[in-house]
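Peer 1: let's see this in three dimensions:
(one chain, ligands or ions: 2)
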Amino acid sequence: MSAQDQSDHIAEAAENIPDVEDTDYPIRIRGLTNAFGNFVVHEHLDLDVRKGEILGIVGGSGTGKSVLMRSIIGLQRPSEGAIDVFGRDIVEAEPDEEIGVRSRWGVLFQGGALFSTLTVAENVQVPLKQFYPELDQELLDEIARYKVVLTGLPENAAAKFPSELSGGMKKRAGLARALALDPELLFLDEPTAGLDPVGAAKFDELLRELTDTLGLTVFLITHDLDTLYAICDRVAVLADKKVIAIGTIPELLQTDHPWIQEYFNGPRSRAAAESHDRGKALDKTAGEGS
Ligand SMILES: Nc1ncnc2c1ncn2[C@@H]1O[C@H](COP(=O)(O)OP(=O)(O)OP(=O)(O)O)[C@@H](O)[C@H]1O
Ligand SMILES: [Mg+2]
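Peer 2: Ligands and ions are numbered 1, 2, ... in the order given. The predicted structure follows:
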C-alpha cells in the first residue's frame, strides 16, 4: 500500500470516531489494521477506553496485545485505521502536537527494563529531563524521591541500581518511572509477570489505589487472572485480530466464544474468582466487626 493510500484509509477511519467529549474516552480506536509484511496482526479493530477505568487486555500469546499498545503510543504505524488519544489523532499528529499528548501518558513496557547503568532516581528522571530540560537537579531529585515513595519503595531505593533490587522492587521502580510526568493515562504491559502471588497482589493493590487517588486511566495488558478479578473494571479480549468482546467478567462469561469460555471458565479462572469472592467476604466481615 502506498503512503498516500495509507493516509486515505486512516483519514476515512478517523471520520468514524464519534464526536464525544474526549475526556469521556481518552483512547478511541476505529478500523485499526496492523501488519508486518503479509502477516496481519489486527484487522479493523475497534476499541474505546473509558476515563478512570482500569481496562484489562487479555488474549493468547501473539494475538497482538503489545503491538496494540505500541500503536496507541505511536511506536507502530498502522496500515489502516484511526487512533485518538485525548481527542488527538495520534497516527497523523504533527510532532509538536504529539509531544503534548505524549507527556500525558506513562508506559511500563513488557519486561519493564530499567536502564541498568542508572540509579532508580536517575531512571525516573529520564522522562522528566526529556520533557522538561529546564528543571534543575534539586527539583529533579525531589520529584524522583516522591515518585519512588509513592510506589511503596523505601526512600533509600532511589539511590540503588536496578541490579540491587528484587523483582517486585524493579516493577515498582518501573511504575515510578511511568508516573514521572504525572500522567493521566498509564500503559502497563504484563506488570506482574514473574512476581510471586503475594508480590503480584501487592502490586495490584498499589495500582488500584494509585488509579483511584490520582484519577488515572489504565490500559493493562495481563495474563494474570487474579489481577483481572481483583482490580480491572472491564476486560477487553483480543482474538481473531480484533477486540472480540469487552465488558465486566460476568458480562464476558455470557458470550460463547470458545477462547473466552475456556479462559474464564477454566479451573485457574474459577480459583481466581473464588479467592476474589473470599477476599470480599473477609473485607465485609472486617467492616462489620469495626
Ligand atoms: N516488530 C515486529 N516485526 C514483525 N513481527 C512482529 C513485530 N512485533 C510483533 N510481531 C508479531 O506480531 C504478533 C503479535 O505480537 P505481540 O508482541 O503484540 O503479541 P502479544 O499478544 O503481546 O503476545 P505475548 O502475550 O506473548 O506478549 C506476533 O506474532 C509477533 O511475532
Ligand atoms: Mg506482549
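Peer 1: mind listing what the residue in the stretch 51-200 of the chain that ligand 2 sits nearest to touches?
Peer 2: Residue of the stretch 51-200 of the chain nearest ligand 2, by Cβ to the ion: residue 66 (3.2 Å). No exception for glycine: its C-beta is placed from N, CA and C like everyone else's. The neighbours of residue 66, taking Cβ atoms under 8 Å, 6 or more residues apart in numbering as the test, are 110, 189, 221.
Peer 1: kindly state the beta-bridge partners for the last one.
Peer 2: Looking back up the chat, that one is residue 221. residue 57, residue 189 (DSSP bridges).
Peer 1: which ones are touching it?
Peer 2: Here residue 221 is in contact with 56-58, 65-66, 69, 110, 188-190 (Cβ under 8 Å, 6+ apart).
Peer 1: got a pLDDT number for it?
Peer 2: Predicted confidence (pLDDT) for residue 221: 97.
Peer 1: related to what we said a few turns ago, now the strand or helix carrying the residue of the stretch 51-200 of the chain closest to ligand 2: average pLDDT?
Peer 2: Residue 66 is part of helix 65-72 when elements are defined by DSSP states H and E. What helix 65-72 shows for mean pLDDT is 96.
Peer 1: now do the next helix or strand after it: which elements does it pack against?
Peer 2: As assigned by DSSP H and E, the chain's next helix or strand after helix 65-72 is strand 80-85. Strand 80-85 makes packing contacts with helix 3-15, strand 27-36, strand 39-49, helix 65-72 when contacts are defined by 3 or more Cβ pairs under 8 Å, 6 or more residues apart in numbering; DSSP states H and E.
Peer 1: pull out the buried positions in the second one.
Peer 2: Pointing back at strand 27-36 there. Using 16 or more other Cβ atoms under 10 Å as the test for burial, strand 27-36 gives 27-35.
Peer 1: residue 172 contacts residue 207, doesn't it?
Peer 2: No - between residue 172 and residue 207 there is no contact under Cβ atoms under 8 Å: 10.3 Å.
Peer 1: A strand includes residue 213, no?
Peer 2: No - assessed by DSSP: H, G, I helix; E, B strand; the rest coil, residue 213 does not belong to a strand; its assignment is helix.
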